[in-house]
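*Asks:* next input, structure requested:
(2 chains)
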Amino acid sequence: MSDRDPVASAVDPKLSRDSRHPRDPEQRHDEVEAGTTTGLAAPDVDQTDGSQTSLWGDAWRELRRRPFFWIGGVLALVFLTMAVFPALFAGGADPRACSLSNSNLPPSAEHLFGYDQQGCDYRATVVYGARNSLLIGFTAVVGVLAVGVVIGAVAGYFGGWVDSLLARIADVFYALPLILGALVLLRVGPEMRVFGQPIPIISERGPGAIAIALTIFGWMTAMRLVRSQVIAIKSSDYVAAARALGAGSFRILTRHILPNAVAPVLVYATITVGALIAAEAALTYLGVGLQQPAFSWGLQISAGQNLLRTAPHLVLIPSAVLSLTVMGFIMMGDALRDALDPRQRS
Amino acid sequence: MGLPAVVVTHGAVRLFPSADHPAGARPEERPVGRYVARRLLLTIPVLIGASFLIFAMVYALPGDPIRALAGDRPLPASVQAALTAEFNLDDPLLVQYAKYVGGLLQGDFGTDFRGRPVLDTISQRLPVTVTLTAVAIFFEILIGITAGVLAGLRRGSFFDNLVLVSTTLVVSIPVLVLGFVSQYVLGVRLGWFPVAGITQGLYSYLLPGFILAATSLAYVTRLTRTSLADSLRADYVRTARAKGLAPRTVVVRHTLRNSLIPVVTFIGADIGGLLGGAIITEAVFNIPGLGRAVFDAVSQQEGAVVVGIITLMVFFFIFFNLVVDVLYAVLDPRIRYE
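*Replies:* You can find the predicted model right below:
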């Protein structure tokens, strides 16, 4: 979905506003580094002069100029704070202190989000929902990365039949839509017995179960990403050098190959947090995710569905908050991707 | 999409490709049949693996569905034994699965616990899902390609920026939310569309179809825009301009043809995805399609229905991906089968 490419930034004058002057020390440095001799680089250039920048330094300077990064970052930060310290945002209301006489009251000046059907302050209820969403989003993304990176690295590094086998397994999971697979697992899982015992986390129907379900049916893209990165990197000279020095496969993978695959994985992870939060809401809405009395935007949307005509705020408010959260991570990841891709800079 | 600058055909170097000199001068016959056959063989383990995965999960359910069927009054032991045997419930997992696949190969999807053939459910629900998918794909083509072309032709314009921002927004909003908000605003408040159900024929598919299409619509728009902008910078386009063709001809005959190849293949693959991924949309708009059926079956623990429909969905997904791969190679002669 990348809408920019190297040619674009070279041709489009708007994109190349930061094109460097040929005498720019950074370019001199680049040319020395690349071993080019266009004559622009003096032979006595000190490679370690102050202008030397890393990929991350460049990326940061690029990111600072992108409004999407700031919007996304601020949104993510706000909701992270909300997840950790919900009381700060609840306006002093207790989400468990409800009075049926307030049932379904629309938003007012004192109670910005109104009340839900049980007469609970909706602002407090919605604010307390952030914790579960973000908890599941982050746990699931860690799971997805753990599985995806390990399998992808092994497949890409060893190649051959190992790669074929792992790629086929990924194909199998890929053919099952995420929501569908997780739906079946979360419905069936809590009742499964292994040797007569319920499965530990799955049977609790809590955030952990959802994170596991999302991991099981969501690791494939991370795996393919890491696999292709590893294949691209493993034939480079410094990997050959490490091998010549006697480094083992594990050391080569963890010290030389994987660190160079961090950038695309980080981008993928940021966007995926958003996608997984949306998936959690969908599963909870379908009734297989978090259960009452947990605070969850999916539950609130689902409960409000039948009252859409009389009390639309019950659906619209958690929907808006959920969207803003997802949007925060996706915007940030989008900006990060553009910034971390060195080919997109002139 | 790195285009080679020149191509050598029969000893002559010329700019590549154009409508006048299409790359159709194919030097060798390509083994399409063998490629398709190999791809088909590769899909079999995937199909088996995916359906087995679902089958195993449903199989692991504890309890006795036959006894549950009878409710409070216990069934006579003989009836229970007969039913258990009919549904192969006493066999080990692999045997059950083998019997199931054996049935599938003969077009038998089995029956649910009430004795209704799963194929009946499928043939009743499939047309609904196909209609919904068709509406969604229609929107993707109509709006996605149009907006993408307009944005790609005028990069940096106001419209282009509008497209960039709005596609980012659409991708960021969960389908669940898009569904409810549009249902509330366009259905409940404005009354332009039916709020839910499919009682008003094709008209009631418009809004759900659009919501189902939304995410892909954004991708199609972006893809068209990028691809077109890339093609517009290609050498053959400069040549076409240089030889004095009207701008319209350059865009329509020389640029669009090439730049729409990835878009066509994306849409093709999306058909396979949408046929299996409409659970949320169907739940929000209460549309009795396959997604709804599989959701109901999961809730009622109707294993045969769950496995049957999901296997069908996986088949669609794999099939359309295969079609797209072949289509890609047909549309883009530079791609060689191996």
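
*Asks:* first to last residue in stretch A:225-241, what's the distance?
*Replies:* Using C-alpha to C-alpha, to the nearest Å, the end-to-end distance of stretch A:225-241 comes to 24 Å.

*Asks:* next, the buried residues of that stretch.
*Replies:* Of all the residues in stretch A:225-241, those buried under the rule 16 or more other C-beta atoms under 10 Å in any protein chain shown are A:225, A:226, A:227, A:229, A:230, A:231, A:233, A:234, A:239. C-beta: built from backbone N, CA, C; applies to glycine.

*Asks:* from these, which has minimum pLDDT?
*Replies:* Note: of the buried residues of stretch A:225-241, the lowest pLDDT belongs to residue A:234, at 85.

*Asks:* which residues sit in contact with it?
*Replies:* A:156, A:157, A:257 (C-beta atoms under 8 Å, 6 or more residues apart in numbering or on different chains).

*Asks:* now do the strands in the stretch 151-300 of chain A.
*Replies:* Per DSSP state E, counting those that start in this stretch, the stretch 151-300 of chain A carries strands over the ranges A:193-194, A:197-198.

*Asks:* sketch out the low-pLDDT regions of the stretch 1-150 of chain B for me.
*Replies:* Residues of the stretch 1-150 of chain B meeting the criterion pLDDT under 70: B:1-32, B:60-73, B:86-90.

*Asks:* hmm, 50 instead?
*Replies:* Across the stretch 1-150 of chain B, the ranges flagged by pLDDT under 50 are B:1-28.

*Asks:* closest residue of it to chain A?
*Replies:* residue B:49 (3.5 Å; C-beta to the nearest C-beta).

*Asks:* returning to that earlier point: nearest to residue A:168, out of the strands of the stretch 151-300 of chain A?
*Replies:* Residue A:168 lies closest, by C-beta to C-beta, to one member of the strands of the stretch 151-300 of chain A: strand A:193-194, at 25.7 Å.

*Asks:* what lines up beside the closest one in the sheet?
*Replies:* strand A:197-198 (antiparallel) (DSSP bridges).

*Asks:* buried ones in the helix or strand hosting residue B:314, by neighbour count?
*Replies:* Assigned by DSSP states H and E, residue B:314 belongs to helix B:303-331. For helix B:303-331, burial by neighbour count (16+ other C-beta under 10 Å) applies to B:303-329, B:331.

*Asks:* just to check, residue A:189 is in contact with residue A:201?
*Replies:* No: between residue A:189 and residue A:201 there is no contact under C-beta atoms under 8 Å: 9.4 Å.

*Asks:* where do the contact lists of those two overlap?
*Replies:* What both residue A:189 and residue A:201 touch, as defined by C-beta under 8 Å, 6+ apart, is the set residue A:209.

*Asks:* quick check, residue B:275 in contact with residue B:129.
*Replies:* Yes: if you go by C-beta under 8 Å, residue B:275 and residue B:129 touch, sitting 6.1 Å apart.

*Asks:* identify the contacts common to the two.
*Replies:* With C-beta under 8 Å, 6+ apart, residue B:275 and residue B:129 have common neighbours residue B:290.

*Asks:* the buried residues of helix B:303-331 also near chain A: which ones?
*Replies:* B:306, B:310, B:313, B:314, B:317, B:318 (C-beta under 8 Å from any C-beta of the partner chain).

*Asks:* format these as CSV; extra columns: pLDDT.
*Replies:* Shown next, in CSV, are these (pLDDT from 0 to 100):
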residue, pLDDT
B:306, 87
B:310, 89
B:313, 89
B:314, 88
B:317, 87
B:318, 87
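
*Asks:* so which of those residues comes closest to residue A:75?
*Replies:* residue B:317 (33.3 Å).

*Asks:* so what's the closest one up against?
*Replies:* A:175, A:177, B:272, B:273, B:275, B:276.

*Asks:* what do you get for residue A:261?
*Replies:* By C-beta under 8 Å, 6+ apart, the neighbours of residue A:261 are A:226, A:229, A:230, A:233.

*Asks:* tell me where the stretch 1-150 of chain A has helices.
*Replies:* A:6-11, A:25-34, A:55-63, A:67-84, A:122-158 (DSSP state H, counting those that start in this stretch).

*Asks:* also the stretch 151-300 of chain B?
*Replies:* Under DSSP H, counting those that start in this stretch, the stretch 151-300 of chain B gives helices at B:158-172, B:175-182, B:203-232, B:235-242, B:247-249, B:257-259, B:261-274, B:279-284, B:290-299.

*Asks:* quick revisit: which of the buried residues of stretch A:225-241 fall in helices?
*Replies:* The members of those that map onto helices under DSSP state H are A:225, A:226, A:227, A:229, A:230, A:231, A:233, A:234, A:239.

*Asks:* where does residue B:301 sit: helix, strand or coil?
*Replies:* Three-state call for residue B:301 (DSSP: H, G, I helix; E, B strand; the rest coil): coil.

*Asks:* relative to chain A, how far out is it?
*Replies:* 8 Å (C-beta to the nearest C-beta, to the nearest Å).

*Asks:* next one: residue B:162
*Replies:* Taken as C-beta to the nearest C-beta, the span from residue B:162 to chain A is 14 Å.
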